[in-house]
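[1] Please find the sequence and the predicted model below.
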Amino acid sequence: MKSLLILLIKMYWMVIPPAKRRKCIFRTSCSKYVYERTINDGFISGLKAFKYRFKNCRSGAYIIENLSGEIQIILPNQEVLNETEVSERFIKNKK
């Protein structure tokens, strides 16, 4: 099953050109994150990573600048991520 998930991700990378892919709010793209988790931690971990990213990389996340000037993102599940985890394109647009 691990090999199947890895194969699906690689097929996605080959079939869908980067310009046509939805832009990820996370610094590490969702497909790369799921791929790495699957390779390193196995199939179940990869599925959990996919579920987490799918739920939180959709509309409902918003970018804020905290009192110290750091950019943060609040995900739909109300989890707050620091600037190091936010896509650089969002940071550039915010500053």
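    Noted; the coordinates are in hand. This one's a predicted model, so the numbers in the text were calculated from it and none came from an experiment.

[2] Dump the worst-scoring helix or strand of the chain on mean pLDDT to PDB, keeping only the CA atoms.
    Here the helix or strand of the chain ranked lowest by mean pLDDT, DSSP states H and E is helix 88-94, holding a mean of 72. Extracted C-alpha coordinates of helix 88-94, given in PDB (Å, rounded to 0.1, in the frame of the first residue of the first chain):
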ATOM      1  CA  GLU A  88       7.000  32.300   1.300                       C
ATOM      2  CA  ARG A  89       4.600  33.800  -1.200                       C
ATOM      3  CA  PHE A  90       2.100  34.500   1.600                       C
ATOM      4  CA  ILE A  91       4.900  36.100   3.700                       C
ATOM      5  CA  LYS A  92       6.000  38.400   0.800                       C
ATOM      6  CA  ASN A  93       2.400  39.500   0.100                       C
ATOM      7  CA  LYS A  94       1.800  40.200   3.800                       C
END
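
[3] what's that helix in contact with?
    23, 25, 27, 63, 65, 71, 73, 83 (C-beta atoms under 8 Å, 6 or more residues apart in numbering). Using the backbone N, CA and C atoms, a C-beta is placed for each residue, glycine as well.

[4] Kindly recompute the last result at 6 Å.
    Helix 88-94 has contacts (C-beta atoms under 6 Å, 6 or more residues apart in numbering) with 63, 71.

[5] Now that helix: buried residues?
    90-91 (16 or more other C-beta atoms under 10 Å).

[6] what does stretch 42-58 give?
    Buried, per 16+ other C-beta under 10 Å, within stretch 42-58: 45-46, 49-50, 52-53, 56-57.

[7] Sort those residues by pLDDT and name the bottom one.
    Note: of the buried residues of stretch 42-58, the lowest pLDDT belongs to Cys57, at 79.
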